[in-house]
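Chemist: next one to model:
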Amino acid sequence: MNQYKGIEIIDPIERSIQHELTKSLWQKLCEMRIKIGDKGRINGIFISKSYEQAKALKASFHDWDVSIHKQEENSTQTIQITTPISRLSVEALVELTDVFLIAAAETVTKFDGLEFDVNEIKRLNTPWWKFW
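Modeler: Sure thing, here's the model as predicted:
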């Protein structure tokens, strides 16, 4: 596993909890027949207290799809960062979790976890012989 610059600012307990949640999510994906090496996009979900924090987070990921949604009921912002199509593995997800935790700490936002569109993953990984 890589050691990323800034990882030292992450609370080790929070990091451990997020790693366990990520590994549990991978197990659920495996139960849905997602395999190591399948292609898919990964969504990171963040919460910020201000639009300025959300914009700072968005600027950190300028090459990825980033959307900011204002939550009317409590004036927070929900930010969704979507990776390009990538090969999936538990190791890749854990490392991405570290990257997202660092970004959250640097922008004073909260990383809320990963999401996947399982239907898109299955569509991206349809065997070639099913096209006929």
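Chemist: can you point out the buried residues in the worst-scoring helix or strand of the chain on mean pLDDT?
Modeler: Every helix and strand in the chain was compared by mean pLDDT, DSSP states H and E; the lowest is helix 118-124, with a mean of 89. Neighbour counts over helix 118-124 (16 or more other Cβ atoms under 10 Å) mark residue 121 as buried. C-betas here are computed from N, CA, C, even on glycine.
Chemist: hey, what's the residue nearest the centre of the chain bridged with?
Modeler: Nearest to the centroid of the C-alpha atoms of the chain, with distances taken as Cα atoms, centre = their mean, sits residue 44, at 2.8 Å. Under DSSP bridges, the beta-bridge partners of residue 44 are residue 81, residue 114.
Chemist: hang on, the earlier thing: output the least confident helix or strand of the chain as PDB, restricted to C-alpha atoms.
Modeler: Coordinates of the C-alpha atoms in helix 118-124 are reproduced here as PDB (Å, rounded to 0.1, in the frame of the first residue of the first chain):
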ATOM      1  CA  VAL A 118     -23.500  -1.800  -9.900                       C
ATOM      2  CA  ASN A 119     -25.600  -1.700 -13.000                       C
ATOM      3  CA  GLU A 120     -23.000   0.400 -14.800                       C
ATOM      4  CA  ILE A 121     -20.200  -1.900 -13.600                       C
ATOM      5  CA  LYS A 122     -22.100  -5.000 -15.000                       C
ATOM      6  CA  ARG A 123     -22.800  -3.200 -18.200                       C
ATOM      7  CA  LEU A 124     -19.100  -2.200 -18.600                       C
END
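Chemist: can you list the helices and strands that that helix packs against?
Modeler: strand 39-40 (3 or more Cβ pairs under 8 Å, 6 or more residues apart in numbering; DSSP states H and E).
Chemist: and the contacts of the strand it packs on?
Modeler: 34, 85-88, 116-117, 120-121, 124-125 (Cβ atoms under 8 Å, 6 or more residues apart in numbering).
Chemist: let's go with 7 Å and repeat that
Modeler: Strand 39-40 is contacted from outside by 85-88, 116, 120-121, 124-125, using Cβ atoms under 7 Å, 6 or more residues apart in numbering.
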